[in-house]
Each structure stands twice: as structure tokens, then as C-alpha cells.
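# please find the sequence and the predicted model below.
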Amino acid sequence: MTPSRALPAIAVTLALSACTAAASDGTSEPTRKPMADTPSVPVEKTAAAKPYTIAFGGDVHFEGGLRARLDNNPRTAFGPIARVLSRADLAMVNLETAITTGGDRAPGKQYAFRAPVTAFNAIKAAGVDVVTMANNHGMDYMQSGLRDSLAAIRRSKFPVVGIGRNATAAYAPWRTTINGNKVAILGATQVLDAEFINAWTATDAQGGLASAKNEQRMIQAVRNARKGADTVIVYLHWGTELQTCPNPAQRALAPKLVRAGADVIVGGHAHVLLGSGYLGRSYVNYGLGNFLWYGNSPSGVLTLTIKGRKVLKDQWTPASIQGGTPIPLTGAARDQGVTSWKALRSCTGLSAR
């Protein structure tokens with residue numbers, strides 16, 4: 001799936017004279033711009049935005065048996081969950097790995113993840129449109145791995161947020177237009193090993209990750225994304241591993257980002273599912289769990305229906321990770337999966353509506 005699956009209708013009214021205005025509706029690529037206006041030929045956007053859907057999956061890497069799936073056929077690496085992602089107008093996951101086959105492994109790190117550039121082929125084939133790499137594995141191979149990752153991103157031309165050659169790039173949103181809605185998406189991590197905070201955080205003079213530990217920089221990034229956007233989405237790496245309730249850092253950060261202009265906040269890291277719901281008029285998910293990940297654990301896809309700043313509907317498609325890939329549940333197991341997911345909201349302070 002690419003943003004071109006959702007082709008917004010753009011109605012452009014050209015005031016050709018003082019007495020007549022001609023309007024035309026057509027289908028175009030999201031990146032196509034209306035005719036440039038001049039003082040004598042003003043251009044006015046008249047098309048109304050329509051609701052769109054965005055699907056979120058959790059943490060993705062290509063370690064263990066998943067590397068074999070990637071090497072054998074990238075197009076089928078995600079298995080049947082790809083059908084769920086592809087049904088949405090837009091889809092996003094957390095890519096929790098460096099994209100390098102070399103690099104200098106982070107000293108003393110027990111788990112270090114890396115994958116070849118074909119990872120982007122697998123992600124795209126699964127119907128994913130954008131990923132965040134702002135997490136505690138995005139720079140597992142330090143600055144040398146970062147250079148490889150950024151080069152792979154440039155070559156693949158795949159949208160990635162939360163990582164960059166400097167802070168300006170790392171905190172910048174990816175922007176697209178879907179069904180007339182201007183959408184801005186950011187990525188950042190609230191989880192970094194203490195010994196790597198300085199080395200991994202993007203600054204004006206250093207490449208790295210967007211860090212939500214720098215709250216003021218993160219808040220400003222959301223404010224900047226708000227300008228010119230109908231919907232602002234923040235994908236965070238946050239939470240405490242194996243803890244199904246949000247920790248104090250999550251509960252403190254979410255309202256600050258909402259006040260700054262975030263309409264949707266989602267995230268992962270804990271390896272378990274956490275609750276979702278409304279914080280005022282914004283929607284918050286505290287943990288999407290594992291997605292493409294070794295081992296077996298509960299998983300799923302969160303699909304939101306959005307129009308402008310309003311989240312009209314949330315839908316959970318429960319899945320179970322088997323052999324590294326999430327398999328959607330059916331029948332009674334599916335019903336139980338939805339019920340269990342809704343119950344996770346009880347300790348979040350979020351509302352169902």
C-alpha cells in the first residue's frame with residue numbers, strides 16, 4: 001500500500017474574471033499540487049475532507065527465523081496480517097532495527113538488531129506506508145550503522161520518521177494527504193539506554209534519533225507539525241517492558257503532547273499490549289506490543305477512522321504471533337481477543353469515547 005491508494009478529490013476554483021468562477025473535481029496523486037495562483041488568478045480549495053483509515057502495528061525486526069522469511073521472499077514476510085494492513089488507507093509500524101549489514105555493534109548491548117535493505121521491500125509489500133525508527137534498537141550499530149541506515153532510506157525512498165542526519169531531520173514529520181486530510185506523522189523514543197542517550201540522540205551537529213526525553217524539543221516538534229496539518233500523529237517508543245499499564249513517564253508525556261496539538265498518539269516497546277482510548281478529544285494508545293517478532297505472544301492491528309482532528313472510530317484486530325508472524329484470530333478467539341484488549345483500558349485513565 002502506498003499513499004496513492006487513497007486518492008483525494010481536489011476541487012479547484014479558478015476566478016477567471018470578476019463575475020464567473022469555474023469548479024472542477026478530479027482524482028490526483030496526494031503529492032500533486034493545484035495550479036499555482038497569481039494576484040489575478042486566485043486559487044481556492046473547495047473539496048471537503050472525507051474520513052480515512054490508518055492501521056498501526058507494533059514492533060518489527062527481522063532476527064532469528066524472520067531473517068529466513070525475509071531472505072526467501074520479502075513480499076510474503078509479514079504473512080496474512082498484511083491483508084489487514086493493506087485494507088487501510090495508510091499503515092504504520094515501528095521498525096526496531098538498524099538497516100545495515102555492517103557497522104560497529106553498540107558496546108555491551110545484549111540484544112542488537114540489524115537487517116538488510118530488503119527489509120523495506122518486505123514492509124512495503126505488507127501494505128505499510130511509513131515507519132518510525134526512533135527506538136532503543138534504531139542505532140544498535142552506532143554512527144556507522146546510522147550512516148548505512150540513512151543511505152538505505154535514501155535509496156529505497158521509503159518514508160521513515162524519528163531518525164536523521166541531525167535533529168531537524170529526526171524531529172521532522174512525514175506529510176501526506178489522504179481523502180483531503182493533510183496528515184503529519186512524527187516518531188520519537190522515550191526509551192534509551194542511559195549509556196547511549198548522548199551518542200544516539202540527534203542534535204544540531206550529530207545524526208541520531210528523535211528523543212522524547214527532550215520534552216521541550218518534542219513538544220516543539222508537535223507544534224511545528226500542527227502548522228498546516230489537519231491530523232497530527234505521534235508514534236512513540238515508550239513504556240516498561242512486560243508491564244501492561246502505562247508508567248508515570250507515559251502518563252506525564254501524553255497530555256503535554258495533546259496540548260501541543262497531537263490528535264493521535266500510539267506506541268510500543270513493552271512486548272505486551274497496553275490500553276487505548278480518548279484523552280480529551282485526542283486518541284492515545286499506550287502499547288501495541290510485538291508485531292513481527294520472534295517468539296509467540298498476543299498481537300494485533302489498531303485501525304482508526306479519522307476525519308481532520310476527530311478520531312471517529314477505533315477497531316482492534318487481534319492476532320497471535322506464531323513463528324514470528326502475527327496471525328489474525330477468528331471466531332470465539334477473536335471475540336475474546338477484542339474483549340481482553342478493551343479491558344486493558346482500565347488502568348490507563350483513558351475514556352472509551
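Happy to help now that I have it.
# V160: neighbour count?
Other residues lying near V160 total 24 when counted by other CB atoms under 10 Å. Just so you know, the C-beta spots here come from the backbone N, C-alpha and C atoms, and that holds for glycine as well.
# run through the bridge partners of it.
V131 (DSSP bridges).
# touching, it and V130? I think so.
Yes. With contact defined as CB atoms under 8 Å, V160 counts as touching V130 (7.2 Å).
# list the residues that contact both of these two?
Counting by CB atoms under 8 Å, 6 or more residues apart in numbering, the shared contacts of V160 and V130 are W174.
# contacts for the longest helix that the chain contains?
Longest helix of the chain, by residue count under DSSP state H: helix 142-156. Applying CB under 8 Å, 6+ apart, the contact partners of helix 142-156 are 98-106, 114, 117, 120-121, 133, 138-139, 141, 160, 163-165, 199, 207-208.
# kindly recompute the last result at 6 Å.
Helix 142-156 is contacted from outside by 98-100, 103-104, 106, 117, 120, 139, 160, 207, using CB atoms under 6 Å, 6 or more residues apart in numbering.
# over to stretch 227-242?
Here stretch 227-242 has contacts from 132, 134-135, 181-191, 212, 225-226, 247, 250, 257, 261-267, 269-272, 287, 306, 308, using CB under 6 Å, 6+ apart.
# for ChimeraX, what selects the buried ones among those residues?
Here is the ChimeraX selection string for the buried members of the contacts of stretch 227-242, based on 16 or more other CB atoms under 10 Å:
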select :132,134,135,181,182,183,184,185,186,187,188,189,190,191,212,225,226,250,257,261,262,263,264,265,266,267,269,270,271,272,287,306
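# in strands, which of the contacts of stretch 227-242 fall?
In strands, defined here by DSSP state E, the members of the contacts of stretch 227-242 are 132, 181-189, 264-267, 306.
# K313 pairs with what?
T305.
# roughly how far does it sit from G323?
Look at K313 and G323: by CB to CB, to the nearest Å, they are 31 Å apart.
# and if you look at L350?
Going from L350 to G323 by CB to CB gives 33 Å.
# tell me where the stretch 201-350 of the chain has strands.
Taking DSSP state E, counting those that start in this stretch as the criterion, the stretch 201-350 of the chain carries its strands at 208-209, 231-237, 264-268, 276-279, 282-285, 290-292, 298-307, 310-322, 325-328.
# just how off-centre is the fourth one within its chain?
Offset of strand 276-279 from its chain centre (CA atoms, centre = their mean, to the nearest Å): 17 Å.
# the first one now?
Put simply, strand 208-209 sits 16 Å off its chain's centre (CA atoms, centre = their mean).
# and the contacts of that strand?
Residues contacting strand 208-209 (CB under 6 Å, 6+ apart): 134, 138, 163, 189, 200-202.
# I'd like the mean pLDDT over it, please.
Averaging pLDDT along strand 208-209 gives 98.
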